[in-house]
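Q: my questions concern the predicted model and sequence given below.
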Amino acid sequence: MMPGRVCCCCAALRPRYKRLVDNIFPEDPKDGLVKADMEKLTFYAVSAPEKLDRIGAYLAEKLSRDVIRHRYGYVFIAMEALDQLLMACHSQSIKPFVESFLHMVAKLLESGEPRLQVLGTNSPAFENAY
């Protein structure tokens, strides 16, 4: 079972946004973001913008955990997902999501890993903000 995955009997009890977020992470981080599941998460976020703060907070929690555990492949996937969500969601409820995004960028910049520091400064979301 992949780290972060929940057994089948408990999965139905988890909130939908958490299941959607968990599904974007593959068994092997070398496989990259699960694109079909990312499309589902994006559709959910656009359809239910009031959930963006929870989605962002949950992604931030997963990213922080993966930075601490040195699972950098999953960190890159989490940041890719965040960038895609930020590009797709243009609404008033994006402000709490941006807070989670900035928290994650700070976490990357504070890490001692140069690749993560570069990842934190090269987000496409920053390029499109100006």
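A: Done, it's in. Numbers count the residues shown, from 1 in each chain.

Q: report how many residues lie close to the nearest residue to residue 88 once chain neighbours are set aside.
A: Nearest residue to residue 88, sequence neighbours excluded (Cβ to Cβ, 6 or more residues apart in numbering): residue 42, at 4.9 Å. (Each C-beta comes from the backbone N, C-alpha and C, glycine too.) Using other Cβ atoms under 10 Å, residue 42 has 18 other residues around it.

Q: next secondary structure after the host helix or strand of residue 65?
A: Per DSSP states H and E, residue 65 falls inside helix 52-68. Going down the chain from helix 52-68, the next helix or strand is helix 72-88, by DSSP H and E.

Q: residues of that following helix that come out buried?
A: Neighbour-count burial for helix 72-88, counted by 16 or more other Cβ atoms under 10 Å, picks out 72, 74-86.

Q: ok, and what's touching the helix or strand following it?
A: Downstream of helix 72-88, the first helix or strand assigned by DSSP H and E is helix 94-110. By Cβ atoms under 8 Å, 6 or more residues apart in numbering, the surrounding residues in contact with helix 94-110 are 49, 52-53, 55-57, 59-60, 63-64, 67, 75, 78-79, 82, 85-86, 89, 116-117, 119-121, 123, 125.

Q: can you flag the buried ones in the residues you listed?
A: Of the contacts of helix 94-110, these count as buried by 16+ other Cβ under 10 Å: 49, 52-53, 55-57, 59-60, 63-64, 67, 75, 78-79, 82, 85-86, 89, 116, 119-120, 123, 125.

Q: flag the shaky bits of the chain, pLDDT-wise.
A: 1-12, 91-93, 124-130 (pLDDT under 70).
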